Structure formats: C-alpha cells, structure tokens
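Student: quick one, structure for this:
(chains A and B)
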Amino acid sequence: MGWYNKRLAKSIWVFHVSASPCNNCDIEILDLLTPKYDIERFGIKLVGSVRHADVILLSGVINDKVAPKVRKIYKQAPKPCFVVGFGTCPASGCCFKDSHNVEHKREEVIPIDLYIPGCPPQPEAMIAGVAKLMGVLNA
Amino acid sequence: MNVEYFFYLLIFPGLLFTSVLGLVVGWVDRKVSARFQFRVGPPFLQNFNDFFKLLGKETMIVKDGLHSLFILAPFVSFGMLVLVSAMIGVALFYGLGFGGDLIVVMYLLMIYSVMVVLGGAATGNVYSSLGAGREIKLLLADELAFIFVCLVPIIKAGYELQLDKILAFQAAEGAFIGSVSGFLAFIIGLLCIQAKMTLPPFHIPEAETELVEGPFMEYSGPPLAFWKLNHLIMYVTFPFLLILLLLGGFNLSGWGILWAVLKYLLIVVLMIIIKNTNPRIRIDTALNFFWKYATPIGLVALILAVLGV
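Tutor: The predicted structure is shown next:
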C-alpha cells in the first residue's frame, strides 16, 4: 500500500465539522486558504460533503446535542478517513471541560488520530500538524 | 472490424489521450486560477494524485435511492464523453468522418447532462435532487443556443453535416471565425460551454456554498473519481469542438503544432478568465440570459450565415 499512501498524502481533502466550537478555530481555518498560507500547494482542499473527505477536521468541544451527529458523520465518511482534532477543545475540553453538557469521553464519539492544540492554533501549527500526518502516510 | 478503430477509440484521440490531456489541463485551470488569486497553486501531478486517490477510497452507497442508476451514471457519461472526444479527435487529426456525425456529437454531449440529472436524482438526497433540477433548467437554457452555434458552421460550409467536410471547407476558404456570423457563434459557443461544463458563473447545479456539490454530493470513491475525470475531459472535448467548427482545426506540421497549442490554450484560458472574474448567478438570471440574449444573438448569427456574411 506504499504507493497508494503516497497518493493519499498528496491529495488530502478536508471536511470541516463544527462540533459546538466557539467559532474561533473556524475563522482561523479559513486563513489556510488565503494567499499567504495557500494550502492548495500541498493538494489540500476543503470539500463540502463528507463523502469526498479524507480528513475530518473537528473543532470544538463535543456536547451532548451534537455527539450523535458527529458519530453519524464519521460513519458516513468513506474509509480510509482520518480525524484531526483542531484546537484545545477536542484535546482537553479547554475552559468548557466542567460544563454540564460536554461529552467527557470524546474518544468514544469519534476516534481522533491527531491533535493540533492551541486556542486557536496558529495557521503554521495547522500546516505542521497536517505535514506530520503526511509524514506518517509517506513512511 | 479494423484494428485502427480500437486504436482511435482507446488510445490516440480517445480514452487515454483525452484523459491524460484533461488531467493536465485541469492542472492548468487550477494553477491559473491560483495565480489569479495571488496564490501558488497545486503541483503538476495534483489531478493525477486526486484521481488515483479516489480510485482507492471506499464506495459508499446510500440506503434509499436507485443503486444501479447511481453507480452506472458516472461510467456511462464517461463512455459517452470518450466516444465524443474520439469522434471529434478523429476528424481533427485524421480527417475522417461519417455522414451526419455532428448530429451524433450534439446528442452525445447532451447525454452527459442527462446522466448528471439521473445520477443526482437517484440518491434520494435533497441537495442532490435540487442540483439535478437545476441541471435540467440549465440544460433547457443553453441547449437551443448551443444548437444554433453548431448550425452556423453547417450552413457556412454549404449545408454539410460531416465534421471532416466542415474542416476541409475551412482549410480551403479560411476559418469561419473570420466572418461576422462565425465570430458571434464563437462568443455564444464559449458561453454555452461555460454553462454545459457548469463552470462559474453558471455553476448553479453544484453551488458549493449552498448545495455542497449538488448532484455529486453523495458520490465517493471510484464513481466520484470518474465524475471528476468527466469534468476534466470536457476541458478537452468542448474546446476541440469549437476549434473544429469555427477556428479551422489543427495543421500538425512544422510551426502548425505551436499554433494548434496556442489555439487550444486561448480557448481554455478564456474559459478560466470568465470563470475567475464572475460570481455565481441565480437560475432565473441564467435562463433570462440565455433565452433573452444568447439565443437571439445565436439566431442572428444563423440568419447572417444564411445571408452569407
């Protein structure tokens, strides 16, 4: 599968799932498409439908209301599909970790492969995170 | 059966050539669009990587919907487009044709839109159905203008329906774009191509921001790869058709090769410029545009062609 993994690493299509975020990371994601950071030079593009996606970009702490939907979206994604937890929220819950409606076992809702911490992460940090994913695929 | 026909269909102007050229021109499209926005753009082999990646992905089939149609639609339209490209390419590169092949080309080009409608409507998804409905409306809008565009060279070549005879007429008398009616037909033809390929400003059926890719929303894996490839093959088919009908074909000897590449790139870059400088219009605006402006101008070109201008 080495050959196929290299193709996959060079053409990562990203679907963005907002699982109850504070909207800060969502704005920051759009920076990646701007001329300064232009992520299309790595073959990465944002797609509208989860059926086209190779990577699910999950932002926000998953609360009780969206958890079933996030679970469903992961089931709808064609495999191989990776999940990137974006921002501090999917990693640790950030300042919302003690809220009454927050899903505490996020790993059971959706298996996250890679965390990019930061509140919100710098665009450079996001590119570094995706480059790590590419490195794993190219190995 | 002749072995040469298989070569024409599968290798040179047919399957292999159009697919590879389509994927390369798809890169030109993405790169030029990126440069328009002051970005760097993707690497040269990006579309090849995308295609092979999608071939290896899982194919998800929606629970409700018509499965056979859902799976067949991309492959049937791929076959149709390869056939059309082979017919146009054989006329362009070898000077071969048969009686009335332009009519066959017009029919087969319509089948692509019909397949988009069937494939999109077969999923049972609301967004896909909406996209399919819009595709029908767009087809109704642009089809008559496109037929007028195809009729102009037929009339100017002395009521000749055969592609290679139209080409031979132009080689003797000069390309049709030099005349007033030919020039009008070229402009309307360019806009019809934009609508038939659902490129901006006519990407109404697949409107990424509201219908999330429209008819292609539920596709994944190999069927999606073939939809993407179909779209890129049309970057070859339609410019070649315009070159054949109005720009006088290719002269593949000496400097003629450079001139042929320039002709092709001129049409592609014009399409990319229109694509990058226009926002999406509403479906009623598109219908208005085609029925109130483009089709009457096409009719004027037709009348001028009859009058010999």
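Student: can you get me a residue count around the closest residue to chain A within chain B?
Tutor: Among the residues of chain B, B:Val212 lies closest to chain A, at 3.4 Å counting by C-beta to the nearest C-beta. Yep, even glycine has a C-beta here, placed from its N, CA and C like the rest. Counted by other C-beta atoms under 10 Å in any protein chain shown, the residues lying close to B:Val212 total 21.
Student: and B:Phe75, how many neighbours?
Tutor: 16.
Student: what of B:Ile103?
Tutor: Neighbours around B:Ile103, by other C-beta under 10 Å: 12.
Student: touching, it and B:Leu163? I think so.
Tutor: No: checked against C-beta atoms under 8 Å, the pair B:Ile103 and B:Leu163 is beyond contact range at 10.4 Å.
Student: OK, contacts around the residue of chain B closest to chain A?
Tutor: By C-beta atoms under 8 Å, 6 or more residues apart in numbering or on different chains, the contact list for B:Val212 reads A:Gly48, A:Ser49, B:Tyr127.
Student: at 10 Å instead, please
Tutor: A:Phe15, A:Val47, A:Gly48, A:Ser49, A:Val50, A:Arg51, A:His52, B:Asn125, B:Tyr127, B:Ser128, B:Gly131, B:Glu206 (C-beta atoms under 10 Å, 6 or more residues apart in numbering or on different chains).
Student: all strands for chain B, in order.
Tutor: With strands called from DSSP state E, chain B shows none.
Student: got phi/psi on B:Gln162?
Tutor: When read as degrees, to the nearest 10, the backbone of B:Gln162 gives phi -100, psi 130.
Student: residue ranges with poor pLDDT in the chain?
Tutor: No chain specified, so I'll use chain A. A:1 (pLDDT under 70).
Student: I was thinking of chain B, sorry if that wasn't clear
Tutor: Applying pLDDT under 70 to chain B flags residues B:1.
Student: where do the helices of it begin and end?
Tutor: According to DSSP state H, chain B carries its helices in the segments B:3-10, B:15-36, B:46-55, B:67-93, B:101-121, B:126-156, B:163-173, B:180-196, B:208-211, B:222-245, B:256-276, B:283-288, B:295-307.
Student: what does chain A give?
Tutor: A:2-10, A:24-31, A:67-76, A:88-92, A:106-109, A:123-138.
Student: of those, which is nearest chain B?
Tutor: Among the helices of chain A, if distance is taken as C-beta to the nearest C-beta, the winner is helix A:2-10, at 4.4 Å.
Student: extract the CA atoms of that closest one and return them as CSV.
Tutor: The C-alpha trace of helix A:2-10 is given here as CSV (Å, rounded to 0.1, in the frame of the first residue of the first chain):
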residue,chain,number,x,y,z
GLY,A,2,3.0,2.3,0.0
TRP,A,3,2.2,3.7,-3.5
TYR,A,4,-1.4,4.4,-2.6
ASN,A,5,-0.5,6.0,0.7
LYS,A,6,1.8,8.4,-1.1
ARG,A,7,-1.1,9.4,-3.4
LEU,A,8,-3.3,9.9,-0.4
ALA,A,9,-0.7,12.1,1.3
LYS,A,10,-0.5,14.3,-1.7
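Student: just the angle for that helix relative to helix B:46-55, thanks.
Tutor: 120 degrees (axes from the mean of the first three to the mean of the last three C-alpha atoms, to 10 degrees).
Student: which strands and helices sit next to helix A:2-10?
Tutor: Applying 3 or more C-beta pairs under 10 Å, 6 or more residues apart in numbering or on different chains; DSSP states H and E, we find helix A:2-10 packed against helix A:123-138, helix B:46-55.
Student: how about these, which one is nearest A:Val109?
Tutor: Closest to A:Val109 of the helices and strands packed on helix A:2-10 is helix A:123-138 (C-beta to C-beta; 20.3 Å).
Student: quick one: list the elements packing against the closest one.
Tutor: Going by 3+ C-beta pairs under 10 Å, 6+ apart, helix A:123-138 lies up against helix A:2-10, helix A:24-31, strand A:55-59, strand A:82-86, strand A:114-116.
Student: how close does the closest residue to A:Ala91 other than its chain neighbours sit to A:Thr88?
Tutor: Leaving aside its chain neighbours, A:Ala91 sits nearest to A:Tyr115 (4.5 Å; criterion: C-beta to C-beta, 6 or more residues apart in numbering or on different chains). Counting by C-beta to C-beta, to the nearest Å, the separation of A:Tyr115 from A:Thr88 is 9 Å.
Student: now the closest residue to chain B within chain A: closest residue in space that isn't a chain neighbour?
Tutor: Closest to chain B within chain A is A:Gly48: 3.4 Å, counting by C-beta to the nearest C-beta. Leaving aside its chain neighbours, A:Gly48 sits nearest to B:Val212 (3.4 Å; criterion: C-beta to C-beta, 6+ apart).
Student: try A:Leu32
Tutor: A:Ile39 is the one closest to A:Leu32 (C-beta to C-beta, 6+ apart), at 4.4 Å.
Student: so what's the closest residue to B:Pro239 other than its chain neighbours up against?
Tutor: Residue nearest to B:Pro239 in three dimensions, not counting chain neighbours: B:Ile267, with 4.2 Å by C-beta to C-beta, 6+ apart. Taking C-beta under 10 Å, 6+ apart, we find B:Ile267 in contact with B:Phe186, B:Gly189, B:Leu190, B:Ile193, B:Tyr235, B:Phe238, B:Pro239, B:Phe240, B:Leu242, B:Ile243, B:Leu246, B:Leu247.
Student: can you pull the contacts of the spatially most central residue of chain A?
Tutor: Centre of chain A computed as the mean C-alpha position; nearest residue by C-alpha atoms, centre = their mean is A:Leu57, 1.9 Å away. Applying C-beta under 10 Å, 6+ apart to A:Leu57 gives the contacts A:14-18, A:25-26, A:29, A:32, A:46, A:82-87, A:116, A:126, A:130.
Student: if we go to 8 Å?
Tutor: A:Val14, A:Phe15, A:His16, A:Val17, A:Ile29, A:Val84, A:Phe86.
Student: of these, which is the most crowded?
Tutor: Going by other C-beta under 10 Å, A:Phe86 tops those with 33 neighbours.
Student: ok, that one touching A:Leu58?
Tutor: Yes: the pair A:Phe86 / A:Leu58 is scored as a contact, 6.1 Å apart, by C-beta under 8 Å.
Student: for the closest residue to B:Ile155 other than its chain neighbours, grab the count of nearby residues.
Tutor: Ranked by C-beta to C-beta, 6+ apart and with sequence neighbours excluded, the top spatial neighbour of B:Ile155 is B:Ala305, at 4.4 Å. Neighbourhood size, B:Ala305 [other C-beta under 10 Å]: 24.
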